[in-house]
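> any chance you could fold what I've pasted below:
(2 chains)
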2 protein chains.
Amino acid sequence: MSEFHQAAHKLLVIPGPIEFSDPVLLANATPGTAHTSPAFIPIFGATLSMLREILLSTKESGSQPILIAGSGTMGWDAVGVNLVERGDEVVVLNTGYFGDSFADCLEAYGAKVTQVKAEVGGVPTDQAIIDALASHPKIITITHVDTSTGVLSPAGHISQLVKKHSPDTLIVLDAVCSVASEEIKFDEWGLDMVISATQKGLGVPPGLSVVLASKRAVETVEKRKTPVQGYYISWNKWIPIMKNYEAGKPSYFATPPVQLVYALHTSLKAITSAPISDRVEDHKAASKYVKDSLAELGLDFVPKSRDIAANGMTAVRFPKGLQASDVLPKLAERDIVVAAGLHKAIVTEYFRIGHMGVTAVNRERGDLEKVINGIKEVLGKA
Amino acid sequence: MSEFHQAAHKLLVIPGPIEFSDPVLLANATPGTAHTSPAFIPIFGATLSMLREILLSTKESGSQPILIAGSGTMGWDAVGVNLVERGDEVVVLNTGYFGDSFADCLEAYGAKVTQVKAEVGGVPTDQAIIDALASHPKIITITHVDTSTGVLSPAGHISQLVKKHSPDTLIVLDAVCSVASEEIKFDEWGLDMVISATQKGLGVPPGLSVVLASKRAVETVEKRKTPVQGYYISWNKWIPIMKNYEAGKPSYFATPPVQLVYALHTSLKAITSAPISDRVEDHKAASKYVKDSLAELGLDFVPKSRDIAANGMTAVRFPKGLQASDVLPKLAERDIVVAAGLHKAIVTEYFRIGHMGVTAVNRERGDLEKVINGIKEVLGKA
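Predicted structure coming up:
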């Protein structure tokens, strides 16, 4: 089985989807199983509990994990549908492409969005954030890792600013590219919502929207003056279902993606077999190896400094005179798939390498050495 | 591999999810693959084309297949988000639980819903439908097979009524439990939207929302006076992406569920290897075998007559004096998983058997004989 899966494909080192372990892939091939079966219910329940655990939240805090068939993007809609009422003020901290899109999404639900935009490769200044909080917006959003720039926002520090300057503001962390690869302390930081997806640090095929909501976020929905702005993504529909599954009881609103839940369960069992801090350290070590190796080749990075660079991916500039068509096809010939640029302002100037999940943690696979050696060969520096 | 999958699980014969073939399960275990890779793009493109093909629509008609990570339920939201503007009149033809829910969903988007309710086990009368069309609603919805009753609505006939009495009304067919198991003639009937999911007649794990929209439905979105009521499910976002994939070009809005698309591609390749009418006939034959066998045991059905009973499932009443707890656990002991009742008015009085996909088409598996023999044993009629 292992050979079957490893043999046939190119090494996938983009900022998601990533490489999946064989046990995860096999779990995704679980035979037809009813969503209400005694076999599946404890699997779904444990998956919800482990999700809370790796985000360093407790059940006693009242936080609520929510897993629904959908993509990471659907998490933005979950904010718009459940937390936003028309006319609500929202501050979006923008560190790249995904900040722009998040703002677009919330505006579709009637939010009055103020964007605090960082320059490309930077993060917003503390003063800019404090200024934006002066109007006490209902929600502030942080893109933890914007995969268009590889910038890691200092989410813990920003949360402290919010708690000091506008404590009633709900803190929403877009953690699509950071759950299980970057440090997230849900309860300690006082986060209200983490949005993620399965195909990045969680190491599971795409198709599951992953959310953790705080007690305060759940109560915000309960206290709405206007109806929830949707149906399929409504927490009023889903929270009772999630509570039932976590309590071991069958429940139905819409059919969950059973096989993906089995796959996520398998991945979370592996992730929770060690402290999550160890896993974050593994990603830091992987990132250091990649970035040090690229720096030795004389390459520059999109993030302005190492302390705001993601540990799960690297956005690296081409050497002068080269572009994607000079590099990416030659890497693909070597069975290495990296990603082209995405941020419009610099789209031709850089490329992106993902190093999350098994690629970062199971170093004996040799994925990172393969990537670095491939880049050396292609740049004529082997 | 085949033994691995077949060995470990109970026979799943509920009205979805169903049994999946081993090639489909293996495709769902495809290793990490980029959603924009040259390997994946033609797979996604062909999947979209085959979906149109099995619904008997042509590309020349301007119909647009749309595949998004989500459940079947999300298709209802796709109607609400894209086709409904607040205050629009919608007629919902109700043959069970799923009609009620569909109406709830559309009301969340501001639709003024009129329900035409059939009695349990029946379908609305022609006159009731004609009366409801008198106000020329913007949309009429039909639940093709309501899995809570096993009733098959005569969708082709109802479409004729709509074309005659209110030709501008958009016809939306909830075909979650009918695509690839019941006859659907998208172009000939003049349908405007088919909503489905993968885990029923299509024979693929749950997690993909399946939609086919007519040219007229697409134009309805383009002509809206108010903005689309969402973001993730907005056709304005997705239609350009789907057009690109079908034309062989990479495109990104949100990450598609790559493995599920591979699995659907595998299933559709098998389905399209014969005329879709043959597959529908196979489901009719399977249904006849199940229903004749149950009738021989003296059991009654929820649908009032055979001509409005689904071919992909059977809703059958318990013998007098028996209920779910007398029958379903004993079937489960025999590794046979059927479903309990769902329609509130009769919930304790009946159970449901699914016979879609490989169970209906690959009769050499012996699934149906196993089910019927199990029921005979449990009812003491072996």
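
> for the rest of this, base every contact and every neighbour count on C-alpha atoms.
Noted.

> where does pLDDT dip in the stretch 251-382 of chain A?
In the prediction, the stretch 251-382 of chain A carries no residues with pLDDT under 70.

> show me what from it comes close to chain B.
A:254-259 (Cα under 8 Å from any Cα of the partner chain).

> just the ones of those residues in helices?
The helices in this structure, assigned by DSSP state H, contain A:258-259 from those.

> now the residue positioned nearest the centre of chain A, nearest residue through space, not along the chain?
Nearest to the geometric centre of chain A sits residue A:176, at 1.6 Å (Cα atoms, centre = their mean). Excluding its sequence neighbours, the residue lying closest to residue A:176 (Cα to Cα, 6 or more residues apart in numbering or on different chains) is residue A:196, at 3.8 Å.

> next, the one you found: secondary structure please.
Here residue A:196 is recorded as strand under DSSP: H, G, I helix; E, B strand; the rest coil.

> would you check that the residue nearest to the centre of chain A makes contact with residue A:72?
Yes. Counting by Cα atoms under 8 Å, residue A:176 does reach residue A:72; the two are 6.2 Å apart.

> which residues do those two both contact?
Counting by Cα atoms under 8 Å, 6 or more residues apart in numbering or on different chains, the common neighbours of residue A:176 and residue A:72 are A:195-197.

> in the stretch 251-382 of chain A, which residue sits nearest chain B?
Nearest residue of the stretch 251-382 of chain A to chain B: residue A:257, at 4.7 Å (Cα to the nearest Cα).

> in chain A, which spans are strands?
A:11-12, A:64-69, A:89-94, A:112-117, A:139-143, A:145-146, A:151-152, A:170-174, A:193-197, A:208-213, A:313-317, A:336-337, A:339-340, A:350-354 (DSSP state E).

> could I get those in CSV, plus columns for distance to residue B:24?
CSV is the format used below for these (distance: least, Cα to Cα, whole Å):
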stretch, distance to residue B:24
strand A:11-12, 22
strand A:64-69, 19
strand A:89-94, 41
strand A:112-117, 44
strand A:139-143, 36
strand A:145-146, 34
strand A:151-152, 38
strand A:170-174, 33
strand A:193-197, 23
strand A:208-213, 19
strand A:313-317, 32
strand A:336-337, 25
strand A:339-340, 28
strand A:350-354, 29
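
> with mean neighbour count added, can I get those in a markdown table?
Shown next, in a markdown table, are those (neighbours: other Cα atoms under 10 Å in any protein chain shown):
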| stretch | mean neighbour count |
| --- | --- |
| strand A:11-12 | 25 |
| strand A:64-69 | 25 |
| strand A:89-94 | 25 |
| strand A:112-117 | 18 |
| strand A:139-143 | 25 |
| strand A:145-146 | 29 |
| strand A:151-152 | 28 |
| strand A:170-174 | 26 |
| strand A:193-197 | 28 |
| strand A:208-213 | 25 |
| strand A:313-317 | 26 |
| strand A:336-337 | 22 |
| strand A:339-340 | 21 |
| strand A:350-354 | 26 |
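
> residue B:323: which of these is closest?
Judged by Cα to Cα, the one of these that comes nearest to residue B:323 is strand A:64-69, at 32.3 Å.

> between strand A:208-213 and that closest one, find me the angle.
Inter-element angle recorded for strand A:64-69 and strand A:208-213: 160 degrees (by axes from the mean of the first three to the mean of the last three Cα atoms, to 10 degrees).

> pick out the most distant pair among the residues of the stretch 251-382 of chain A next to chain B.
Most distant of those, by Cα to Cα, are A:254 and A:259, 14.7 Å apart.

> which parts of the stretch 151-300 of chain A are helices?
Under the criterion DSSP state H, counting those that start in this stretch, helices of the stretch 151-300 of chain A are mapped to A:155-165, A:186-189, A:215-222, A:235-246, A:258-271, A:276-296.

> relative to residue B:13, which of the ones you listed is closest?
Minimum separation from residue B:13 across those (Cα to Cα) falls at helix A:258-271, 15.6 Å.

> in the closest one, what counts as buried?
By neighbour count on 16 or more other Cα atoms under 10 Å in any protein chain shown, the buried set for helix A:258-271 is A:258-268, A:271.

> can you check stretch A:125-134 too?
Buried-residue list, stretch A:125-134, by 16+ other Cα under 10 Å: A:129-130, A:132-133.

> of all the residues you listed, which comes closest to residue A:149?
Nearest to residue A:149, judged by Cα to Cα, of the buried residues of stretch A:125-134 is residue A:129 at 19.6 Å.

> what's the separation between residue A:68 and residue A:202?
Distance, residue A:68 to residue A:202, by Cα to Cα, to the nearest Å: 15 Å.

> actually, residue A:145.
Per Cα to Cα, residue A:145 is found 15 Å from residue A:202.

> repeat for residue A:373
Distance from residue A:373 to residue A:202, counting by Cα to Cα: 26 Å.

> the two - which one has more neighbours?
residue A:202 (26 against 14; other Cα atoms under 10 Å in any protein chain shown).

> residues contacting the closest residue to the more buried one other than its chain neighbours?
The shortest distance from residue A:202 to any non-neighbouring residue, by Cα to Cα, 6+ apart, is to residue A:180 (5.8 Å). Residues in contact with residue A:180 (Cα under 8 Å, 6+ apart) are A:54, A:201-202, A:271, A:276, A:279-280, A:357.

> surely residue A:245 meets residue A:47?
No. Look at residue A:245 against residue A:47 with Cα under 8 Å: they stay out of range, at 9.7 Å.

> counting neighbours, what do you get for the residue lying closest to residue A:123 once chain neighbours are set aside?
Closest residue to residue A:123 apart from its sequence neighbours, by Cα to Cα, 6+ apart: residue A:95 at 6.0 Å. Residue A:95: 30 surrounding residues under other Cα under 10 Å.

> may I have the phi/psi pair for residue A:95?
phi -120, psi 20 (degrees, to the nearest 10).

> closest to residue B:125 out of the contacts of residue A:180?
Comparing these against residue B:125 with Cα to Cα places residue A:202 closest, at 51.6 Å.

> give the contact list for the closest one.
Residues near residue A:202 by Cα under 8 Å, 6+ apart: A:179-180, A:264, A:267-268, A:357.

> go again using 7 Å as the cut-off
Shown in contact with residue A:202 (Cα atoms under 7 Å, 6 or more residues apart in numbering or on different chains): A:179-180, A:267, A:357.

> what distance do you get for it to residue A:252?
The spacing between residue A:202 and residue A:252, counted by Cα to Cα, is 25 Å.

> try residue A:337
Noted for residue A:337: a distance of 40 Å to residue A:252, by Cα to Cα.

> quick check: residues of the stretch 51-200 of chain A near chain B?
For the stretch 51-200 of chain A, the contact set with chain B under Cα under 7 Å from any Cα of the partner chain comprises A:69-71, A:73-74, A:77, A:105, A:108-109.

> the residues you listed, buried ones only, as a ChimeraX selection?
This is how ChimeraX selects the buried members of these, with burial counted by 16+ other Cα under 10 Å:
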select /A:69,70,71,73,74,77,105,108,109
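
> in helices only, show me the residues of the stretch 51-200 of chain A next to chain B.
Residues of those located in helices (DSSP H): A:73-74, A:77, A:105, A:108.

> looking at the residues you listed, which is nearest residue A:342?
Nearest to residue A:342 out of those is residue A:73 (Cα to Cα; 16.2 Å).

> so what touches stretch A:338-348?
By Cα under 7 Å, 6+ apart, the surrounding residues in contact with stretch A:338-348 are A:12-14, A:96-97, A:148-149, A:323-324, A:328, A:350-353.
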